[in-house]
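Participant: Give me a 3D structure for the following:
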Amino acid sequence: MLVTFALSCLVTMLHHATSSSVPPLSHTNLIDTMDVLQNYTAISDFRLLNRRKLGTCLNPSPYIKINVDTKSALADDQMITVTVSGVLRPSKNDWVGVISPSHADVDICPQNILLYEQTGDFSELPLLCHYPVKAQYVNNDQGYIGCKKKECKKYDQKGKCLVTTCSASITFHIINIRTDIQFVFFGAGFQTPCVLAKSKVLKFANPKKPLYGHLSSVDSTGTSMRLTWVSGDKNPQKVQYANGKSQASRVTTFSQENMCTSALPSPAKDFGWHDPGYIHSVVMTGLEPSKRFSYRYGSNSAGWSSRVNFKTPPSGGSDELKFLAFGDMGKAPRDASVEHYIQPGSIAVTQAMANEISSGNVDSIFHIGDISYATGFLVEWDFFLHLITPVASQISYMTAIGNHERDYVNSGSQYITPDSGGECGVAYESYFPMPTPARDKPWYSIEQGSVHFVVISTEHAWSPNSEQYQWMSKDMASVDRSRTPWVIFTGHRPMYSSCGSVDHAFFLEVEPMLMKYKVDLVLFGHVHNYERTCAVYRNKCKAVPKKGADGVDTYDNTNYEAPVHAIIGMAGFRLDSFPPIAGSWSISRISEYGYARVHTTKKQLNFEFVNAYTKKAEDQFRIVKS
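Facilitator: Numbering: from 1, shown residues only. Presented below is the predicted three-dimensional model:
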């Protein structure tokens, strides 16, 4: 039920509009721009449920019931079958929503009226005090409309059935989101919903359970790793690691008051809010680079995670590094549910990477923007964290901020689009603490093996007089190329794309710095496909690769000419197709789900684009230095 995103690059240019193509928002043009801006956070019938007045179901069946196949409290991760029965007239518009917390009555949330009026909505109180975290149409059970599951509810004196009702069963994937949930059976679709029946309120067995642990590097030594996890417990917990070491957690959280809002509706502040629980973070010290250890996290009162084996990255200045990189991944349901924003390739990409990591041949991951696509519907951060735990719990998972984490009107972001849904970077920086200078300055550098990574924010000011620009210049000027001969520059929005989704000002002001400091490889996302360039500067090829003896494109940086750019935003979001005519600097273009696999030594950088479904390398190149 998501809005249909056109797959052409022309529509991509609108969806990824930059400061040069989107006029500043003001009170006079807000109404005119709402239709244009609605795609930014995937407005759909389902997403707007909280804007709907709760109607009255016409002639509802007196026999209707909804039952859930669980007699005990909810586990941390399980499939639940929900059965609706007693339906007289099955409709394609009947659906079941998962409500959390379990309030489905309009009259218990009059306090929300002020929040709705500040968005310009003066009509009715919202349908639900809390956003349905997921929903399914009942006709996902294919026998529902044809009433293949019948039950007689009333007989005459001779035993003949007078009233026959229909039933259906659908399955939901439920994870521990700490708050109570309730399944509600609705009629009349997402546009004019009415409540037909409610299940009992269901509680999680342990809402304080520590979950979704993920790792990141804190420096370039490989001797310290940060572990971050989520729990319903506000008290400090511990990580026990490396055969006897222990550290207490630092506990943080954020609230609705920390979210952004404006004259535009803000899901994060208003109708998409869900309590994030408590974010625990610990730095594990005293490790060794490129070694394997194990940990568990939690407490005796809240419970403990299972023991997890993990690998530290190689220290900066050592020879070899193997890492995976991608952007724009997000998450998708493991059932037939509708959620407000779904990235259909995310599960396949995550599974393919998990298989690689299990082989032991991956040192770290770099996810360069558009992380969860929660965009103000906060429970979807839990969905994302659950998805990446099999990979992010085992190796360093480094991130860059994207438009869907940071951008919002009047929030100080470089772009004034409402892409973050009002999160304004708060949720992202809480869940993914990186080694940045300070809060809301999400740029940093780190060295692993033979690579110096420069991770920037395209969503913050990058002009020559900005703090970030000065930091970039100083950082790249300080690189010791004898220790880390490769400099990889990465951020979210690209400088080159045949789909045209490029901010010309960013291109003009920052590209000269890449040449000045002889950046070898530039990785960007934002455009949802894979594209690789020649060694390019100012839209012109300064050098083109030559085929090696094995047929692989080879760029020789012994005599440096210009950076190679790779767009790697193909990790989950619906893919963009390419225009008939590509940029003159474009070498390879692929519109498939996947990720980058990179292997560096001090003499050679090998890059592969891996198709997540076939596991094959569909594009390969190398950069060499003698």
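Participant: contacts and neighbour counts: CA atoms only from here.
Facilitator: Noted.
Participant: can you give me the helices for the stretch 401-550 of the chain?
Facilitator: 403-406, 426-431, 467-477, 504-516 (DSSP state H, counting those that start in this stretch).
Participant: among these, which is nearest Ile145?
Facilitator: Ile145 sits nearest to helix 403-406 of all the helices of the stretch 401-550 of the chain, at 38.5 Å, using Cα to Cα.
Participant: just to revisit the earlier point, of the helices of the stretch 401-550 of the chain, which is nearest Ser217?
Facilitator: Of all those, helix 426-431 comes closest under Cα to Cα, at 14.0 Å.
Participant: Report the distance from the closest one to the chain centre.
Facilitator: 12 Å (Cα atoms, centre = their mean, to the nearest Å).
Participant: Low-confidence stretches in the stretch 101-250 of the chain?
Facilitator: Along the stretch 101-250 of the chain, the parts satisfying pLDDT under 70 run over 103-129.
Participant: Please, where are all the helices along it?
Facilitator: 113-117.
Participant: quick one: contacts for Val283?
Facilitator: 218, 224-227, 247 (Cα atoms under 8 Å, 6 or more residues apart in numbering).
Participant: could those be laid out in CSV, adding neighbour count?
Facilitator: As requested, those are exported to CSV (neighbours: other Cα atoms under 10 Å):
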residue, neighbour count
Val218, 20
Ser224, 20
Met225, 23
Arg226, 22
Leu227, 25
Gln247, 16
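Participant: so who does Leu387 touch?
Facilitator: 331, 347, 350.
Participant: Show me which positions of stretch 537-553 end up buried.
Facilitator: 537, 541, 543-545, 553 (16 or more other Cα atoms under 10 Å).
Participant: How about stretch 240-247?
Facilitator: Buried residues in stretch 240-247, defined by neighbour count with 16+ other Cα under 10 Å: 240-242, 246-247.
Participant: contacting residues for the nearest residue to Ile64 once chain neighbours are set aside?
Facilitator: Nearest non-adjacent residue to Ile64, counting by Cα to Cα, 6 or more residues apart in numbering: Gly86, 4.1 Å away. Neighbouring residues of Gly86 by Cα under 8 Å, 6+ apart: 61-65, 151, 153, 165-167.
Participant: related to what we said a few turns ago, mean neighbour count, the helices of the stretch 401-550 of the chain: which tops it?
Facilitator: helix 403-406 (a mean of 31; mean count of other Cα atoms under 10 Å).
Participant: And the average pLDDT for that helix is what?
Facilitator: Averaging pLDDT along helix 403-406 gives 96.
Participant: Check which helices and strands it sits against.
Facilitator: Using 3 or more Cα pairs under 8 Å, 6 or more residues apart in numbering; DSSP states H and E, the elements in contact with helix 403-406 are helix 426-431.
Participant: residues making contact with the helix it packs on?
Facilitator: Contacts for helix 426-431 (Cα under 8 Å, 6+ apart): 228-229, 252-254, 258-259, 279, 401, 405-406, 439-440.
Participant: let's go with 10 Å and repeat that
Facilitator: 214, 228-230, 252-255, 258-260, 268, 276, 278-281, 370-372, 374-376, 378, 381-382, 385, 399-402, 404-406, 420, 436, 439-442 (Cα atoms under 10 Å, 6 or more residues apart in numbering).
Participant: are any of those residues buried, and which?
Facilitator: 214, 228-230, 253, 259-260, 268, 276, 278-281, 370-372, 374-376, 378, 381-382, 385, 399-402, 404-406, 420, 436, 440-442.
Participant: Give the buried subset of the contacts of Gly86 as a ChimeraX selection command.
Facilitator: Buried members of the contacts of Gly86, defined by 16+ other Cα under 10 Å, are picked up in ChimeraX with:
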select :64,65,151,165,166,167
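Participant: For my notes, please list the contacts of Gly86 in TSV and give distance to Ala75 for each entry.
Facilitator: Shown next, in TSV, are these (distance: Cα to Cα, whole Å):
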residue	distance to Ala75
Ser61	33
Pro62	32
Tyr63	30
Ile64	27
Lys65	24
Glu151	32
Lys153	34
Thr165	32
Cys166	30
Ser167	26
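Participant: Going by distance to Gly425, which of the contacts of Gly86 wins?
Facilitator: Lys65 (42.3 Å).
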